[in-house]
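In: Predicted coordinates and the sequence they were generated for:
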Amino acid sequence: MLVLTATLIVTLVALLLAERDMKNVIGDQQYALLASAAAQVDAQLASHKVLLASLADTMPPDAADDPALMQAFVDRHPAARGEFLHLHLFSPQGTLLNTGPDRAAAALSLNPRVRAFLENALAAGKTVVSPPYRSTETGLPSIMILQPVRDAQDRAVMLLGGSIDLSSTDFLDRIAAQKPGDTGFIFIMTRDGTLLHHPDARRLLDNVNARPGHDRATEMALRGFEGWTEAANRDGGKDIYAYRQLQQADWIIGARFPVDEAFAPMIRMRQHAMLAAAIFAAIAGLVAWRAVRDLLKPLGRLHRNINDIRAGKADIGVLQLRGSDEIGELSTAFHELMAERELAQKATRDSESLISSILERAPDPFVSCEHSGIVTKWNAAAERTFGYTRDEAVGRDIAELIVPPAQRGAHRSGMMNFALGGGGPMVNARVRMSAMHKDGREIPVELSVGALRHDGAYYATAFLHDITERVLYEQQIAASEKRLRTVADSMPALIAYIDRDLRYRFTNEHFRALLGHDPRAMLGKTLHEVLGAEFADSLAYHGEAALRGQRVHYEREGVHKGVKRQMMGDLVPDIGADGTVAGFYMMALDITERKNAELRQAASEQRLKLLTDNLPALIAYLDRERKFQFLNATFQHWFGVDPRRLIGRHASEGIGPDHYYTAEPHLDRAYRGEMVTYELKTRIGDSLHTLETTFVPDVGEDGEVVGLYSLTHDTTHVKEIEARLKQLARIDNLTGIANRLMFEEILQLAIVRARRSRKAMALAYLDIDHFKDINDTRGHGAGDLVLKEFAARLIGSVRASDTVARLAGDEFVIVFEQVANAGEAARLAAKIVEAVRKPFTLEGAPRHVTTSVGVALHEGGDEPPTELLARADSALYQAKRNGRDGYAIAAGAQAQDQA
């Protein structure tokens with residue numbers, strides 16, 4: 001099975017790789033075929049455009065008014081007559097001036113949508129291809145190529161159109177013969193999905209998505225995809241699709257090649273290869289199985305011997321096969337391993353017996369228990385100490401035996417934590433606690449707990465030492481210290497007299513409170529006897545100096561009975577009348593609290609540094625000379641600068657000369673006693689950040705500034721939010737277009753650009769006719785819907801360089817930039833009026849809405865924005881006086897001045 005599976009997998013992978021390469025070859029070939037067909041169609045369209053352009057250049061100016069002249073002109077160009085089904089002339093307003101017998105052109109001229117297309121074609125001033133339409137003469141798809149006809153002043157005065165029947169000519173027949181395979185075909189559609197060429201004539205001029213089902217490849221082509229892909233068709237079958245966008249028209253040429261036909265040879269090859277691989281693998285697997293069976297016979301014999309050993313039918317001697325092959329060596333090695341294991345088990349049993357004997361004879365109680373608290377070991381000392389026999393204790397919960405009731409909750413919580421990981425605060429530590437005797441009394445014990453892992457579970461082991469006598473002794477000492485401490489409170493210094501033999505002759509009660517010595521017991525004893533050799537030796541140097549007649553003052557740290565203290569002492573020599581020194585007086589103060597306070601202050605400074613190092617701000621301190629005395633770790637995080645390297649350096653070295661140049665005037669003010677804040681943009685890492693720095697003067701008691709605290713915050717995010725809020729304040733909330741604030745800014749800039757470029761601009765002021773009636777009859781909700789749709793239509797009717805804004809209510813304005821003259825401004829206004837006339841949909845019903853537009857032209861003079869807006873407003877009222885649903889052009893500013 002292994003050989004069979006491996007062979008089939010290798011064969012299948014090889015076939016898949018071959019199929020992938022073959023698919024790429026077939027797809028590339030189909031795309032190359034389609035590219036050739038697309039080039040032919042582009043060439044056909046280009047030649048027709050050139051022919052039509054040459055006719056437009058030589059057309060007589062009176063051909064539009066004289067049909068006979070037009071017919072004679074066409075007869076002089078038989079080549080054009082052969083290439084085009086009919087020739088037509090259209091006026092700039094889309095009116096048909098002259099045509100052949102084709103009535104389709106006349107029908108087209110009556111269609112408002114087609115008239116708008118003709119107007120746009122004339123305004124564009126270049127050759128265009130019309131959308132496809134159904135010819136009234138043939139009933140088949142046709143197109144029309146439109147070419148502007150220019151007069152002597154190079155103005156487009158007419159449109160010359162040549163109609164082409166896409167089915168009755170050889171315009172597309174040349175690509176029909178290039179279909180892929182026997183069942184594949186080539187088709188042509190517009191970019192909105194209208195079919196121009198297809199094997200099924202019934203689908204011509206229908207949308208490609210009219211049929212039910214999903215065609216992913218066609219949707220990709222309509223979104224701009226070029227190339228080939230494999231996808232499912234609307235019937236569920238797999239096809240290879242190829243698409244190419246034409247250059248001369250908004251058409252897409254596509255090819256469809258069924259996968260079953262394209263990959264038929266490859267499918268047959270896959271079947272034959274898989275059959276051959278299966279036969280070969282079966283034969284090879286049979287041979288391999290027989291060979292492996294013969295090779296594994298010794299291993300089977302070894303397996304049977306091991307089973308006999310496990311069942312007790314044989315000993316490990318049967319493993320000594322003495323074979324020379326690998327199985328024989330394995331059997332010998334296994335025999336040696338089993339012999340070593342038996343020796344190790346015997347040694348382990350002996351060791352466990354020894355350890356058990358030691359624990360049983362231990363003087364202190366030893367107890368072990370499972371992680372659940374069940375006792376597993378209880379030695380003789382535990383029986384004597386706690387009163388429970390081994391039989392009574394083993395198998396019971398340790399908490400019920402020796403843990404006082406008040407501590408059992410904490411004990412069980414600790415055992416639960418111990419069960420999870422074998423750890424806890426009491427493990428590997430000496431702990432003093434109370435344990436319960438069987439008779440109910442409590443016994444003070446010193447507990448040492450260990451953890452042992454066995455068979456995946458944790459066991460707790462504990463030695464408990466009875467410290468009843470030690471506790472009684474400690475209680476006596478504590479009572480004595482309490483009495484001495486009460487007396488010593490009134491004497492905060494150690495006062496003593498020490499003779500030449502270094503023996504105490506006088507001590508006060510403070511020795512009891514500070515050092516724990518009985519002052520009376522100290523009398524007659526030496527320093528070594530009272531303080532110990534080590535402590536006395538540390539004071540020997542000062543005592544010898546005092547006995548030489550020197551007055552000594554010292555501060556030192558010492559450890560007495562495990563307590564570390566900071567002491568300050570004075571030794572005053574006792575000098576007799578003859579000049580000899582009989583001894584010295586000692587007065588010592590415990591200054592541990594003062595030293596600890598100093599240490600606490602240092603720790604507090606350390607905590608403060610830790611806090612500042614973790615704040616997301618740069619914090620520094622500059623002295624009088626503007627040198628760094630403190631910097632937090634944020635310098636390292638932001639700029640990669642080690643703060644320790646900047647201590648003692650001038651600020652210009654730390655922040656750089658450029659930043660210091662910016663900060664210097666603010667530093668000057670701060671050193672004069674002002675708190676100063678400024679902003680700076682700088683780069684941190686790979687991005688630009690805005691930093692806000694505040695200098696806080698450090699004023700001394702004399703009123704002089706001794707330094708500065710510098711606090712720097714990263715305000716980049718705050719600045720971004722402020723910019724976003726400013727932007728939102730310039731947008732109208734209802735329609736999403738510019739509001740009055742943004743309009744005033746844009747108008748000002750547009751006027752400046754018009755003056756600079758010496759090109760006129762226009763301002764349109766418009767509102768919705770009878771908008772109050774909509775609010776009164778349909779409600780403000782319907783009014784808001786009308787305002788949104790009205791704004792959307794305005795945006796869809798203007799150029800990309802123009803700006804639409806809402807001032808208030810139903811008042812809107814449009815800034816038209818680079819307007820050639822008043823005629824162009826009038827065309828733009830008419831386009832807007834026409835766009836608004838299309839019915840609005842309110843509450844599921846159509847609603848006729850119109851607008852009135854007032855337009856004022858700014859031709860680069862000194863007219864301010866307010867006067868331009870006032871002229872546009874006046875023109876709006878003129879349009880309303882003219883009956884609404886129209887526009888009015890205001891007189892120029894210069895003309896008004898002259899008037």
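Out: That came through, no problem.
In: for the stretch 451-600 of the chain, what spans make up the strands?
Out: 457-466, 493-499, 504-507, 552-560, 563-575, 581-590 (DSSP state E, counting those that start in this stretch).
In: how about those strands in TSV, adding mean pLDDT?
Out: Shown next, in TSV, are the strands of the stretch 451-600 of the chain (pLDDT from 0 to 100):
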stretch	mean pLDDT
strand 457-466	84
strand 493-499	88
strand 504-507	88
strand 552-560	77
strand 563-575	84
strand 581-590	87
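In: The stretch 301-450 of the chain: helices as residue ranges?
Out: Ranges of helices in the stretch 301-450 of the chain, per DSSP state H, counting those that start in this stretch, are 326-360, 380-386, 390-393, 398-402, 408-421.
In: among the ones you listed, which is nearest P519?
Out: helix 380-386 (40.5 Å; Cβ to Cβ). Every C-beta, even on glycine, is put in place using the N, C-alpha and C of the backbone.
In: For the stretch 701-850 of the chain, which residues score under the pLDDT cut-off?
Out: Residue ranges of the stretch 701-850 of the chain with pLDDT under 70: 721, 723, 725-729.
In: one more time with 80
Out: Residues of the stretch 701-850 of the chain meeting the criterion pLDDT under 80: 713-730.
In: Now do the strands in it.
Out: Ranges of strands in the stretch 701-850 of the chain, per DSSP E, counting those that start in this stretch, are 705-714, 761-768, 803-808, 811-816, 840-842, 845-847.
In: Output those strands as JSON lines; include the columns distance to D518 and mean neighbour count.
Out: Putting the strands of the stretch 701-850 of the chain into JSON lines (distance: least, Cβ to Cβ, whole Å; neighbours: other Cβ atoms under 10 Å) gives the following:
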{"stretch": "strand 705-714", "distance to D518": "54", "mean neighbour count": "18"}
{"stretch": "strand 761-768", "distance to D518": "108", "mean neighbour count": "25"}
{"stretch": "strand 803-808", "distance to D518": "99", "mean neighbour count": "20"}
{"stretch": "strand 811-816", "distance to D518": "103", "mean neighbour count": "23"}
{"stretch": "strand 840-842", "distance to D518": "107", "mean neighbour count": "15"}
{"stretch": "strand 845-847", "distance to D518": "111", "mean neighbour count": "11"}
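In: Which one of the helices of the stretch 301-450 of the chain lies nearest to T777?
Out: helix 408-421 (75.2 Å).
In: Mind exporting the C-alpha coordinates of the closest one to PDB?
Out: Provided in PDB are the C-alpha atoms of helix 408-421 (Å, rounded to 0.1, in the frame of the first residue of the first chain):
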ATOM      1  CA  ARG A 408      -7.600  24.400  57.800                       C
ATOM      2  CA  GLY A 409      -9.000  26.700  55.100                       C
ATOM      3  CA  ALA A 410      -5.600  28.200  54.300                       C
ATOM      4  CA  HIS A 411      -4.100  24.700  54.400                       C
ATOM      5  CA  ARG A 412      -6.600  23.300  51.900                       C
ATOM      6  CA  SER A 413      -6.100  26.400  49.600                       C
ATOM      7  CA  GLY A 414      -2.300  25.800  49.800                       C
ATOM      8  CA  MET A 415      -2.700  22.100  49.000                       C
ATOM      9  CA  MET A 416      -4.700  23.000  45.900                       C
ATOM     10  CA  ASN A 417      -1.900  25.300  44.600                       C
ATOM     11  CA  PHE A 418       0.600  22.600  45.500                       C
ATOM     12  CA  ALA A 419      -1.300  20.000  43.400                       C
ATOM     13  CA  LEU A 420      -1.100  22.300  40.300                       C
ATOM     14  CA  GLY A 421       2.700  22.700  40.300                       C
END
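In: Among the strands of the stretch 451-600 of the chain, which comes closest to K313?
Out: Once the strands of the stretch 451-600 of the chain are compared by Cβ to Cβ, strand 457-466 is nearest, at 34.6 Å.
In: Okay, buried residues for that closest one please.
Out: Neighbour-count burial for strand 457-466, counted by 16 or more other Cβ atoms under 10 Å, picks out Y458, Y459, A460, T461, A462, F463, L464, H465, D466.
In: what's the first-to-last distance across stretch 815-826?
Out: 14 Å (Cα to Cα, to the nearest Å).
In: gap between it and the chain center?
Out: Centre-to-centre, stretch 815-826 and its host chain are 48 Å apart (Cα atoms, centre = their mean, to the nearest Å).
In: which residue lies farthest from the center of this protein?
Out: D578 (92.1 Å; Cα atoms, centre = their mean).
In: And that one, its phi and psi?
Out: Note on D578: its backbone torsions stand at phi -90, psi 0 [degrees, to the nearest 10].
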